[in-house]
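J.: sequence plus the predicted model coming up.
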Amino acid sequence: MTRLSVNINKIATLRNSRGGNNPDLIKVALDAERFGAEGITVHPRPDERHIRYADVRQLKEVLSTEFNIEGNCREQKFVDLVLEVRPHQVTLVPDAEGQITSDHGWDTVIHRDYLREMISLFKGHGIRTSIFCDPDPKMIEGAATTGTDRIELYTEGYAKQFLSDSASAVGPYVEAAKAATRLGLGINAGHDLDMKNLSFLIKSIPEIKEVSIGHALIADALYLGLENTIQLYKRQLFIH
């Protein structure tokens, strides 16, 4: 079954907007685990506008489920943090500095040697690796040459097209998943997944091991409550 990792960046954004510690990020993470999340995801950025590096260190000390840290490994501060904290998984995302949110995957052909070096570094410290990838079989094939354990399919394109043509929206992702499976790569997915489009994606690609969801889940929780929302998202991961 596909596992749900809750991205808590938006909780940190809300906390930081007023200073202090309300909402309490650590408590929310622990509550998310208690409510059924099988993992917690964070994506610290250099300006610490949401998740702070201190948060990552605190979370490592208290989490009992899988801990996934996303970020740009071109930033030495990020690399140092991951090697210090040693999460279960590091997801490499090619963000530019100051970028609002992730908007593309790695070019695994052009950056193959660099990615191979970074993945070797993280795996040498016992950390599972995942590369953020667009749904392009060539990029998946390139990822396989780096030694990564998994790829994370960047699903914004799927989410944007889903309501108008779900079959066309998921098509490239199905082909990318086939390539990943053929090459022995695990498959994660994330970005703009929500309760409308999640179930169809999982039914189409049951090989997906993990989805990382933050913005939509936290927005839904404003109306539905966090515990109920996490349970509702988990129901979308069952294939009927």
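T.: Here it is on my side, so go on.

J.: would you mind measuring from the residue nearest the centre of the chain to residue 50?
T.: For the chain, the residue lying nearest the average C-alpha position, counting by C-alpha atoms, centre = their mean, turns out to be residue 212 (4.1 Å). Using C-beta to C-beta, to the nearest Å, one obtains 15 Å as the distance from residue 212 to residue 50. For the C-beta atoms, the positions are set from N, CA and C on the backbone; glycine is no exception.

J.: and for residue 162?
T.: Here residue 162 is placed at a distance of 26 Å from residue 50 (C-beta to C-beta).

J.: cool, residue 125 as well?
T.: If you measure residue 125 against residue 50 using C-beta to C-beta, the figure is 25 Å.

J.: between those two, who's got more neighbours?
T.: When residue 125 and residue 50 are compared on other C-beta atoms under 10 Å, the one with more neighbours turns out to be residue 50, at 23 against 11.

J.: which outside residues touch whichever helix in the chain runs longest?
T.: Of all the segments assigned as helix in the chain under DSSP state H, the longest by residue count is helix 166-182. By C-beta atoms under 8 Å, 6 or more residues apart in numbering, the residues outside helix 166-182 that reach it are 133-137, 139-141, 143-144, 151, 153, 155, 157-162, 186-187, 189, 197, 200-201, 204-205, 207-208.

J.: give me phi/psi at the residue nearest to the centre of the chain?
T.: Residue 212 adopts backbone torsions of phi -110, psi 120, taken as degrees, to the nearest 10.

J.: touching, residue 57 and residue 82? I think so.
T.: No. Proximity of residue 57 to residue 82 does not meet the contact threshold set by C-beta atoms under 8 Å, at 11.4 Å.

J.: and these two? Which one has more around it.
T.: For residue 57 versus residue 82, the count of surrounding residues by other C-beta under 10 Å is larger for residue 82: 23 against 12.

J.: the more buried one and residue 90 touch, don't they?
T.: Yes. Contact between residue 82 and residue 90 holds when scored by C-beta under 8 Å: they sit 5.1 Å apart.

J.: may I have the residues that are in contact with the residue nearest to the centre of the chain?
T.: For residue 212, the contacting residues are 5, 6, 7, 39, 41, 68, 70, 91, 152, 188, 189, 190, by C-beta under 8 Å, 6+ apart.

J.: need the CA coordinates for stretch 134-149. PDB is fine.
T.: Included here for stretch 134-149 are C-alpha records, laid out as PDB according to Å, rounded to 0.1, in the frame of the first residue of the first chain:
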ATOM      1  CA  ASP A 134       9.500  15.100 -14.500                       C
ATOM      2  CA  PRO A 135       7.500  12.300 -16.100                       C
ATOM      3  CA  ASP A 136      10.000  11.700 -18.900                       C
ATOM      4  CA  PRO A 137      11.400   8.200 -19.500                       C
ATOM      5  CA  LYS A 138      14.700   9.700 -20.500                       C
ATOM      6  CA  MET A 139      15.000  11.500 -17.200                       C
ATOM      7  CA  ILE A 140      14.000   8.300 -15.400                       C
ATOM      8  CA  GLU A 141      16.700   6.400 -17.300                       C
ATOM      9  CA  GLY A 142      19.200   9.100 -16.400                       C
ATOM     10  CA  ALA A 143      18.200   8.800 -12.800                       C
ATOM     11  CA  ALA A 144      18.900   5.000 -12.800                       C
ATOM     12  CA  THR A 145      22.500   5.700 -13.800                       C
ATOM     13  CA  THR A 146      23.100   7.900 -10.700                       C
ATOM     14  CA  GLY A 147      22.600   5.000  -8.200                       C
ATOM     15  CA  THR A 148      19.500   6.500  -6.600                       C
ATOM     16  CA  ASP A 149      17.100   4.300  -4.700                       C
END
